[in-house]
Structure formats: structure tokens, C-alpha cells
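**Student:** all I have is the shape, not the residue letters:
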């Protein structure tokens, strides 16, 4: 762990590739040795069995001619003595023996070194190997077993030859492996650099992002996991950039909203101090109105900030949605009538709709939406509130009459401090926080809210709440 701690990822990839090739080469060599040893011995053993059958037939013919095994014993002893003299460097002094019978049985020197002979009792005549340790074949004369010919185990003879062959093959294999490993290393290094390039690029981009450069983006190539991670990084950077811009706008809008009533308060107070405006109940009422406006703005901002940090509490309980809407409609009917507007509630289902929610927050939600229509709908006009159950959802529609909103504004009305262009006047347009608060309340109930064009020519608001 300590050794690889300071390594870069391309070095680690290079090391993994090289070690994998080394392990592959070693595994191939082990398999080759096992396969060669097993295959070669099996082949030689099978060939010995075929040759033993031929040897038994030749030996049987010689046994019929000599009627015993003495001739083979004599020739075998002569050949053995000559080989001993050869080992003692006396080959020039001792001529090679004449062994016509042995030459007839096994003309190959390969089989001479391994030849064994046993009598009919399985006792060794030529060779000092136990009967059970040899590969044997019965010698029959007139269907009677007169002895056994055999060969020493192929493994005893093959061991040295195998070692020599394996050593030769190992040297060749080692040279080839070293050459191939060098080629693999040369190819692996640029491959490791190529694979690590997106990660290196992401590392540099992350440092820029941490330094506050949220406009940083990564070029996405391909469709693999690294490309997907790059897309996620770009989305994160975009979100952070938008959040920063939204925070700037929020601070600027908040300052603007507070600046106007504070300026009015200061102006009126200074005018009273200078004697321009007399201190009367009407002037004090004007000051109180501006103070209440600031208080409501601060309350709205506080509620939005509490929702953003997750500290806005909800007292959830099973409630009747239709009752809350009906109560809100009843409380808002008089203001609508005074403004020359009709407020209609449509709910045709007999069974009440029960959902888990906070009755106070939902009352605030419906009041804000009705007040929004009350401010912006031209008289004479109408606001229709519809409630229905669809599968396991409660769907609530708020549809008012003209004026409506554009497609561009329709997608922005739930943003903080946003006002439609023709309603920017504070006297009619409000603070631009009501619909943002509505969106937060809906989110707190795991619901969805959206805007659309009302069939009556105004703005339509659709809310969906999950039911129990």
C-alpha cells in the first residue's frame, strides 16, 4: 500500500498490465510443461506396448529354436561387458560383441537399454527390475507361457531426456517471452497514458471547480463510464454555476425589495422631522403600512431559507383535501366579489379525498394561489378551482381568466422574485415570492406543481399530491 501511494494512475495501470503479462507467461509455461510431460509419456508408453507384442513373437521363435533362454543370457552378458569396457575407454581393445539374436529381437539401441526378460515364474533373467515395475508381455509357445519380455519404465529413461528438452525449450521460451514482454511494455505505456488522460483532465477541472471557476467544463469523448462521469461533472459544474448566479440574483433582488420600503420610510420620517409632513394618524398609518410590507417580506424570505436548509417543519396528519380547499374558497369569496371576480370550486366526487399533509401549510398554499389570481385577473373574470382523484393521486387545478403569461414566463413563475413583465409594479405585482413559497410547500408534501395556459385565457396551475 505504501509503495503504490505516490504512484499516478497511469503508472499503476502500466504495472498492472505488465504483471498480468508476466503471470500469463508463467501460467503458459506451467501448462506447457504439464501437457508435454503427460503427452510425451503417454505416447511413448503406447508405442512400447505395440513393440512388446512384436518382441514377444520374435522371442518365442528363438525360444522354439534354442529350447531355453541361455542364448539370450550369454549375448546379453557379452553386450554388457562390452559396454562396461567402453565406459572404461577400452573400446579399441575390446571389439564389439556379435549378438545376432538380440539384434533380431530389438535392432534399436533405444530398446536394448531397456530390455528385460523374465521366466515363466516372473523371475528376472535379464535385468534387475521387479516384474511388477516393468511393462511386460507374455511369451507363448504352443499356447503355454514360457516367459515374459519387458521394458524398463519409460519414465526412468525419459526423465533425463525430458529435462534436456525442457531446458532447451525453456531457454527458447524465455527469450521469446522477454521479447514479447518488451513489446507489450512499449505498447502498454502509451495505452496507460491514453486511459488515464480523461482522469487527469477531470483532476485539473476539479481543482478549477474547487477554486470557484464554475464555468469549467470537460470535453466528453465516447460513451463509457469515464465519459458518463465527465457528463456528471459537467452537470455538477452547471448546477454550481446556476446556484452561484441564483444566489447573486437573490441577494440583489432582496436588496432591491428592501431598498424601496426602507427609502419610503426614511423619506417620510425625515419629512416629519423637517416639518414638511405633520405627524397625523394618516402619516403614521403610511409608516405602519411600509413596516408591515417589510415584515411580510422578511417572513417570506425566512420561510424560503428554512425550506432550503431543510429546517421548515411540517405537522403531517391525515386530512381531507376537499374540506381545506372549500374552507379557503369560502374565506376568499368576499375579496373576489369585491374585485368583480367569480371564485368557483368544482368537486363532483362523493367520497372525500384523504391525504397525509400539514393543514396549515396547505391552507397557505391554496390562499397564495387564489391571491395570485386575485391580483392579476382582469375584472370581470373567473377563477375555477377543480379537485379530482386519479388513481392514487389528488389533482388540483387553478384556472383563471385573462390575462395569461407567455411560454417563457410560464416556466419561470416559480422562481424567487420573478414577476411577469406587465406586473412589475409593487402595488399590484407583489413581492415575487408567493409562487416560490407554493412550490416549496408542494415539495414538502412530495407533490408536483406546474403551470400551463388556462382554457379561460389566463394562467393554469396544476398540483398533484400522492394519496395514502
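**Tutor:** Nice, thanks for sending it over. Keep in mind it's a predicted model, so treat the numbers as computed, not measured. Numbers count the residues shown, from 1 in each chain.
**Student:** per-residue confidence at residue 259?
**Tutor:** For residue 259, the pLDDT comes out at 77.
**Student:** actually residue 462, not the one I wrote
**Tutor:** At residue 462, pLDDT is 96.
**Student:** for residue 272, same thing?
**Tutor:** Confidence at residue 272, expressed as pLDDT, is 86.
**Student:** now do the phi/psi pair for the closest residue to it other than its chain neighbours.
**Tutor:** Using CB to CB, 6 or more residues apart in numbering and skipping residues adjacent in sequence, the residue nearest residue 272 is residue 279, 5.6 Å away. For the C-beta atoms, the positions are set from N, CA and C on the backbone; glycine is no exception. Residue 279 adopts backbone torsions of phi -80, psi 100, taken as degrees, to the nearest 10.
**Student:** burial of residue 279, as a residue count?
**Tutor:** Residue 279 has 11 neighbours, counted by other CB atoms under 10 Å.
**Student:** let the chain start at 41 from now.
**Tutor:** OK, 41 is where the count begins now, so the last one is residue 319.
**Student:** state the distance from it to residue 230.
**Tutor:** 85 Å (CB to CB, to the nearest Å).
**Student:** do the same with residue 190
**Tutor:** The value you get for residue 190 to residue 230, if CB to CB is used, is 62 Å.
**Student:** ok so, going back, so the residue nearest to residue 312 sits against residue 313, correct?
**Tutor:** No - checked against CB atoms under 8 Å, the pair residue 319 and residue 313 is beyond contact range at 9.8 Å.
**Student:** give the buried residues for stretch 367-376.
**Tutor:** By 16 or more other CB atoms under 10 Å, the buried positions in stretch 367-376 come out as 368-369, 372-373, 376.
**Student:** which member of these is positioned nearest residue 301?
**Tutor:** residue 372 (25.7 Å; CB to CB).
**Student:** could you say which helix or strand holds the closest one?
**Tutor:** helix 361-378 (DSSP states H and E).
**Student:** helices and strands around that helix, which ones?
**Tutor:** strand 381-386, strand 394-397, helix 399-416, strand 421-430, strand 433-441 (3 or more CB pairs under 8 Å, 6 or more residues apart in numbering; DSSP states H and E).
**Student:** compute the inter-axis angle for that helix and strand 381-386.
**Tutor:** Angle of helix 361-378 versus strand 381-386, following axes from the mean of the first three to the mean of the last three CA atoms, to 10 degrees, is 160 degrees.
**Student:** measure how helix 361-378 sits relative to helix 399-416, angle-wise.
**Tutor:** 30 degrees.
**Student:** so what are the domain limits for this structure?
**Tutor:** Per automatic domain parsing, the domain ranges recorded for the chain read 42-197, 265-349, 357-506.
**Student:** my guess is residue 361 meets residue 402, correct?
**Tutor:** Yes - using CB under 8 Å, residue 361 is in contact with residue 402, at 7.3 Å.
**Student:** beta partners for residue 155?
**Tutor:** residue 191 (DSSP bridges).
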